[in-house]
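**Q** Any chance you can model this:
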Amino acid sequence: MCVAKFNDKCKMINRSKLGRAVHGMLTRAKVEKRLISGLLPAIAYLEKSPEDVVICVLPQSRPGDATTHIQTVLLQAFCYENYIPVIQVDSSEKLDSYCGEQTKGSISGCNCVLITKDPSMPVTPEEDIPMSPTEQILADFYECTLEEFPRPVIELPS
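**A** Numbers count the residues shown, from 1 in each chain. As a prediction, the model looks like this:
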């Protein structure tokens, strides 16, 4: 891709609307049964078919939780090596409410979410994995912010 076109694309991303985009993407993927939630199921899925993963969504690590932080860093490294965009969000509780399985009075943990490709979307020669427009916006945001430090965190709506 031409650098000028890429920079224009980066400037056009409205960061204030990304939280709603993530919410919409997660809701749609859950309905379409393309959502893998939880650290162990995500790792198992990545081991067998990383090429089918469109985006990985992770909440910010909580201070003092070294185990989760190390697992998250390793997962991010694996995704980076396999060209899987990683979107970091502000709240594990909000992520739980969007994608966790509702059981009597509680929501199961959702400390990591993978969105898999939609088999019904047509594949074109210029793209590796077909993505919805929202998924493409979030993947572009990831590409545009690769060199930002600290990594941007998307604030999810309540």
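**Q** okay, CA-based contacts and neighbour counts for the rest of this
**A** Fine.
**Q** Quick check: residue 114 is in a helix.
**A** No. Assessed with DSSP: H, G, I helix; E, B strand; the rest coil, residue 114 is strand; it does not lie in a helix.
**Q** For the residue nearest to it when sequence neighbours are not counted, which three-state class applies?
**A** Across the structure, with C-alpha to C-alpha, 6 or more residues apart in numbering as the measure, the residue nearest residue 114 apart from its sequence neighbours is residue 56 (4.6 Å). Classification of residue 56 by three-state DSSP places it in strand.
**Q** Check residue 56 and give its pLDDT.
**A** Turning to residue 56, the model gives it a pLDDT of 97.
**Q** let's number from 52 now, not from 1
**A** With 52 as the first residue, the last one maps to residue 107.
**Q** Show me what it bridges to in the sheet.
**A** residue 137, residue 165 (DSSP bridges).
**Q** what about it, distance to residue 200?
**A** Taken as C-alpha to C-alpha, to the nearest Å, the spacing of residue 107 relative to residue 200 amounts to 19 Å.
**Q** Comparing the two, which residue is more hemmed in?
**A** residue 107 (23 against 7; other C-alpha atoms under 10 Å).
**Q** Surely that one is in contact with residue 140?
**A** No. Look at residue 107 against residue 140 with C-alpha atoms under 8 Å: they stay out of range, at 10.7 Å.
**Q** For the protein, give me the ranges with low pLDDT.
**A** Within the chain, the segments meeting pLDDT under 70 span 52-58, 151-160, 176-178.
**Q** Quick one: the helices in it, in order.
**A** In the chain, the segments counted as helices under DSSP state H are 54-63, 69-82, 90-99, 117-132, 143-150, 184-195.
**Q** for those helices, which one sits closest to residue 207?
**A** The closest of the helices of the chain to residue 207 is helix 69-82. By C-alpha to C-alpha, the value is 4.4 Å.
**Q** Need the contact partners of the closest one.
**A** For helix 69-82, the surrounding residues in contact (C-alpha atoms under 8 Å, 6 or more residues apart in numbering) are 86, 149-150, 166, 185-186, 189, 205-208.
**Q** Apply 7 Å and report the result again.
**A** By C-alpha atoms under 7 Å, 6 or more residues apart in numbering, the residues outside helix 69-82 that reach it are 86, 149-150, 166, 185-186, 205-208.
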